[in-house]
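Undergrad: Following is a predicted model, sequence given first.
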Amino acid sequence: MTKTLVATLVGAAMLTTPALAAKPTGTTTDIAPEAMATEAPAPANYDANLKALNEKTNSIGIEVANPIIVIDPGHGGTDSGAVGNGLYEKNLTLDIANRTTAYIRANYPATVYQTRTSDVTMSLDARTSFANSKGANFFVSQHINSYSTSTPNGLETYYYPGSTSGSSLATNIYNKLKASYTTLRGVKTAEFYVLKYTNMPASLGETGFISNPTDASKLGTTTFRQQLATQYAQGMHVYWWGY
Ligand SMILES: [Zn+2]
């Protein structure tokens, strides 16, 4: 689509929906407010060569039957993450991670670690160092989105630009989580720290907006968080085992 056509369409939208014209709502170009690769130095055990090797070997049909998975609940401790509608991102992500790990352990032949299992502050370096030290086959970071206004809502997942295995992981997780949302913002790329400096395929999920009352009301229930956790796990299963 040409820029002229986009401008024409945007102009038309502004005429008909002035309330929405001032800001992006559910576009696929917004990037979630997570820590970028430029925000801290790489961890000491980051190995770009290993990352490239794992890109080629850790995908569907590979040789490892029982993968090592690292789940990363975003934020924690003094880092609340996003706050809104009475909820803290750090608490939601920890609960979803705990449930994801429990589901995987109960249903799949995998070894699962979490970067944190309680409300502790954890650096970006510590998160990625942990995954690298465990020799994880893949890494999934769990977050909740936010925006400065209450309108944006829905689902997105991320992978590092150029990572084919990361794309597969992010897409398979997205395809399961889709059932929980009506606004589907897409599978996106971003140079997030935890995606770049993990030595294995990695994805980061943004399951709804804490700043949106409808998303937040759902995220506030254990039923919905369990549903997300199950879908995360099932998406990982499709990524690794192919079904
Ligand atoms: Zn976050």
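TA: Right, received. Where do you want to start?
Undergrad: for whatever helix or strand Asp95 lives in, packing partners?
TA: Asp95 is part of helix 89-107, with elements assigned from DSSP states H and E. Helix 89-107 makes packing contacts with strand 68-73, strand 111-114, strand 138-145, helix 222-241 when contacts are defined by 3 or more CB pairs under 8 Å, 6 or more residues apart in numbering; DSSP states H and E. Glycine gets a C-beta too; all of them are placed from N, C-alpha and C.
Undergrad: Buried deepest among those, which one?
TA: strand 138-145 (a mean of 27; mean count of other CB atoms under 10 Å).
Undergrad: In this protein, which residue sits nearest the ion?
TA: Closest residue of the chain to the ion, CB to the ion: His143 (3.4 Å).
Undergrad: who in the chain is up against the ion?
TA: Glu34, Gly74, Gly81, His143 (CB under 5 Å from the ion).
Undergrad: hmm, back to that, buried ones in the helix holding Asp95, by neighbour count?
TA: 89-101, 103-104 (16 or more other CB atoms under 10 Å).
Undergrad: neighbouring contacts of it?
TA: 69, 71-77, 79-83, 110, 112, 114, 116-119, 140, 142-144, 146, 207, 210, 219, 222, 225-226, 228-230, 232-233, 236 (CB atoms under 8 Å, 6 or more residues apart in numbering).
Undergrad: For stretch 33-48, output the C-alpha coordinates as CSV.
TA: Presented in CSV, the C-alpha positions along stretch 33-48 are these (Å, rounded to 0.1, in the frame of the first residue of the first chain):
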residue,chain,number,x,y,z
PRO,A,33,6.9,-0.8,26.5
GLU,A,34,9.5,-3.5,27.4
ALA,A,35,13.2,-3.2,28.0
MET,A,36,15.2,-2.9,24.8
ALA,A,37,18.5,-4.5,24.0
THR,A,38,20.2,-1.1,24.4
GLU,A,39,19.2,-0.7,28.0
ALA,A,40,22.0,-2.8,29.5
PRO,A,41,25.2,-4.6,28.4
ALA,A,42,24.9,-8.2,27.3
PRO,A,43,25.2,-10.9,30.0
ALA,A,44,28.7,-12.5,30.3
ASN,A,45,27.4,-15.9,29.1
TYR,A,46,25.7,-14.5,26.0
ASP,A,47,27.2,-16.4,23.0
ALA,A,48,26.2,-15.1,19.6
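Undergrad: can you give me how far it is from the chain middle?
TA: 16 Å (CA atoms, centre = their mean, to the nearest Å).
Undergrad: secondary structure class for the residue nearest the centre of the chain?
TA: The centroid of the chain falls nearest to Gly205 when counting by CA atoms, centre = their mean (1.6 Å). Here Gly205 is recorded as strand under DSSP: H, G, I helix; E, B strand; the rest coil.
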